[in-house]
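>>> from the sequence below, what's the structure:
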Amino acid sequence: MEYWGKRDATIYFYEEPYVKSNYIAEYYNSLSGFIYTLVGIFFLRTRINKMAQTLIVLGIGTVVLHTTQRWYGQWLDELSMLYLSFQIIQYLRSRENKTTSVIWVPLGLSIYMLSYNFIFILLFTICQIYILFISKKPTPKKNYEMQAYIYNMIYKYVFLFSTIIWMIEHSGYDSTDSYHLHAWWHIGTGISVFFGLNELVICI
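Residues are numbered from 1 along each chain as shown. Below is the predicted model of the structure:
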């Protein structure tokens, strides 16, 4: 039984649907998606509260996508990921007194709508590579140099490890299904984002 209707999300996640619950298509992927909302709530009262709000929406979108396997969940999930990436890029560039035009938001949305499955992966990958590139040299407040460095390294290496997990998941081997690799991707990237945003908070 497909409680939310026929699956029309264009990307497939390797968790057999409606096994643990009649109302949740992908139980483990849905449950692990809450990590983004929790991280967002943690940063709501900081200077990066707008990113925190986007993270909360991302967590909701992730849960909706994996609960329903429907297109509206996919759009909410992926567009939140792209917008959060834009916010991070905008923030990092502002630390060097560089501006980032908001025209990139509607432009990215328009490109995404052309073919949101393939285009999303391409846009998101480009954003993450650029973020890694421009976050090489954090400018921490006084007495926070080592802490900022540690946060930056945890962010980068946990994200890299999580990306490897994602690649293994989508390698097509059925033997990986039982390990719930996409749920581990959620947890890994949630931890990575937590430390990455902590680095932003303590830096000028």
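>>> give me the next element, helix or strand, following whichever strand or helix holds V105.
Counting by DSSP states H and E, the element that carries V105 is helix 104-114. Note on helix 104-114: by DSSP H and E, the next helix or strand toward the C-terminus is helix 116-134.
>>> gap between that following helix and the chain center?
When distances are taken as Cα atoms, centre = their mean, to the nearest Å, helix 116-134 is centred 11 Å away from the chain's centroid.
>>> list the buried residues in that helix.
Within helix 116-134, the residues that count as buried by 16 or more other Cβ atoms under 10 Å are 116, 119-120, 123, 127-128, 131. Yep, even glycine has a C-beta here, placed from its N, CA and C like the rest.
>>> mean confidence score for that helix?
Taken as a whole, helix 116-134 carries a mean pLDDT of 80.
>>> likewise for stretch 148-166?
90.
>>> okay if I get the buried residues of helix 116-134 as JSON lines plus distance to R47?
As requested, these are arranged in JSON lines below (distance: Cβ to Cβ, whole Å):
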{"residue": "Y116", "distance to R47": "32"}
{"residue": "I119", "distance to R47": "32"}
{"residue": "F120", "distance to R47": "29"}
{"residue": "L123", "distance to R47": "26"}
{"residue": "C127", "distance to R47": "21"}
{"residue": "Q128", "distance to R47": "23"}
{"residue": "I131", "distance to R47": "18"}
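>>> coming back round to it: contacts for the helix holding V105?
Outside helix 104-114, the residues within contact range by Cβ atoms under 8 Å, 6 or more residues apart in numbering are 78-79, 82-83, 86, 119-120, 123.
>>> if we use 6 Å, what do you get?
Contacts with helix 104-114, where a contact means Cβ atoms under 6 Å, 6 or more residues apart in numbering, come from 82, 119.
>>> S85 is in contact with T54, correct?
No. Counting by Cβ atoms under 6 Å, T54 sits too far from S85 to count as a contact (9.6 Å).
>>> and the gap between K98 and Q90?
Here K98 is placed at a distance of 9 Å from Q90 (Cβ to Cβ, to the nearest Å).
>>> who has more neighbours, those two?
The residue with more neighbours, out of K98 and Q90 and counting by other Cβ atoms under 10 Å, is Q90; that gives 18 against 10.
>>> quick check on that one: phi, psi?
The main-chain torsion angles of Q90 are listed as degrees, to the nearest 10 and equal phi -60, psi -40.
>>> which one of T54 and S85 is surrounded by more residues?
T54 (23 against 19).
>>> which helix or strand contains that one?
Counting by DSSP H and E, the element that carries T54 is helix 49-68.
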